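A.B. asks: Sequence below, structure please.
(chains A, B, C, D, E and F)
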Number of protein chains: 6
Amino acid sequence: MPIVTIDLLEGRTVQQKRELAEKITAIISEVAEVKPEVVWIKINEMKKENFSTGGTLKIDV
Amino acid sequence: MPIVTIDLLEGRTVQQKRELAEKITAIISEVAEVKPEVVWIKINEMKKENFSTGGTLKIDV
Amino acid sequence: MPIVTIDLLEGRTVQQKRELAEKITAIISEVAEVKPEVVWIKINEMKKENFSTGGTLKIDV
Amino acid sequence: MPIVTIDLLEGRTVQQKRELAEKITAIISEVAEVKPEVVWIKINEMKKENFSTGGTLKIDV
Amino acid sequence: MPIVTIDLLEGRTVQQKRELAEKITAIISEVAEVKPEVVWIKINEMKKENFSTGGTLKIDV
Amino acid sequence: MPIVTIDLLEGRTVQQKRELAEKITAIISEVAEVKPEVVWIKINEMKKENFSTGGTLKIDV
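C.D. replies: Just a heads-up that it's a prediction; the model follows:
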């Protein structure tokens, strides 16, 4: 019953999300040996002012 | 000091959230034997294009 | 498809976890109007040295 | 490679977020002995109707 | 800068985890158009007594 | 009511965790303008076989 959470900056299209969901589900099903139905994926989009690396918000890069 | 996170599809009313907060706090307080004040609950609403089961986004179902 | 995560200090019995799972699933199913089967619950137990409130680790209280 | 997630009620300015990112990165880098570049911070803003303590949503306080 | 969290029941080998990390990084890099270096993956293993679907702990299935 | 989650590789001492808790609570209290008591911090330690950057588990670096 894998639950996958993907945190990423906002701006991906629905088509990109669709592709992520499809392909990641296929891999997890295959490698972890579970049925695709029990792979749940959440996509969490972040605004650039809400993500920082090295102490700098992405809005300031 | 339990912290409860509820991820669910968007679309619930404030009244439904109020009821979830009240009832889940009561149960956790009783079963885990902690005071209600230290039960914190976060509700995380997801758009249908950001949640997938079996490789299919909820927007495509 | 609600996913519930419960972070709490370690030390609960399996019976307490069983009760949490049963009762919280029933409430979410009823209030959020979803089938019990699609309510998934993760319990995340923390050691006292890994949780702090007010700047003090629970191991030091 | 520390990943820090900060859940808090919405309403902080970009300047406050900038300061949080800067200062928390500096502390983690120093205390955990890692380079600042590998400290990633996510800020997750919550609406008042999505956060509860003691069974009461913040919107009702 | 995608961060992927995979919650799953314990019991996978290091080789399975290695394969998950490699393949999921490749897909996210390709679909989300980011360099592989900025794809970070956390695997969170759960004990069967800490995961429930439909109100039943996995330890009781 | 900020909740801070720190995911990092295992191996820090209790003294390092104590210092993280103290200093991060002080900063968040100051910058986000909340009382220290309502700053809760969770530390989530990961094994090297459960964390990957660039597709490579830390156990393989």
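
A.B. asks: Might you enumerate the residues of chain A proximal to chain E?
C.D. replies: A:1-9, A:12, A:16, A:19-20, A:23-24, A:27-28, A:31-32, A:51, A:53, A:58 (C-beta under 8 Å from any C-beta of the partner chain). C-beta: built from backbone N, CA, C; applies to glycine.

A.B. asks: Out of those residues, which sit inside strands?
C.D. replies: Judged by DSSP state E, strands contain the following of the residues of chain A next to chain E: A:I3, A:V4, A:T5, A:I6, A:D7, A:L8, A:L9, A:F51, A:T53.

A.B. asks: Chain C contacts on chain A?
C.D. replies: Residues of chain A lying near chain C (C-beta under 8 Å from any C-beta): A:M1, A:I3, A:W40, A:K42.

A.B. asks: where does the last one land in three-state SS?
C.D. replies: Following DSSP: H, G, I helix; E, B strand; the rest coil, A:K42 is assigned to strand.

A.B. asks: Quick check, pLDDT for it.
C.D. replies: What the model reports as pLDDT for A:K42 is 98.

A.B. asks: Tell me what it is bridged to.
C.D. replies: A:T5, B:F51 (DSSP bridges).

A.B. asks: coming back round to it: now, of the residues of chain A next to chain E, which are buried?
C.D. replies: Buried members of those, scored by 16 or more other C-beta atoms under 10 Å in any protein chain shown, are A:1-9, A:12, A:19-20, A:23-24, A:27-28, A:31-32, A:51, A:53, A:58.

A.B. asks: The residue in chain A that chain F sits nearest to: what's it in contact with?
C.D. replies: Closest residue of chain A to chain F, C-beta to the nearest C-beta: A:D7 (11.5 Å). A:D7 is in contact with A:N44, A:M46, D:K42, E:P2, E:I3, E:V4, E:T5, counting by C-beta atoms under 8 Å, 6 or more residues apart in numbering or on different chains.

A.B. asks: Apply 6 Å and report the result again.
C.D. replies: Counting by C-beta atoms under 6 Å, 6 or more residues apart in numbering or on different chains, A:D7 touches A:N44, E:I3.

A.B. asks: and what of A:P2?
C.D. replies: Here A:P2 is in contact with A:I28, A:A32, A:V39, E:I6, E:L8 (C-beta under 6 Å, 6+ apart).

A.B. asks: Same question for A:T25.
C.D. replies: A:P36, A:V39, B:G55.

A.B. asks: Verify the stated contact: the last one with A:V38.
C.D. replies: No: with contact taken as C-beta atoms under 6 Å, B:G55 and A:V38 are classed as non-touching, separated by 11.1 Å.
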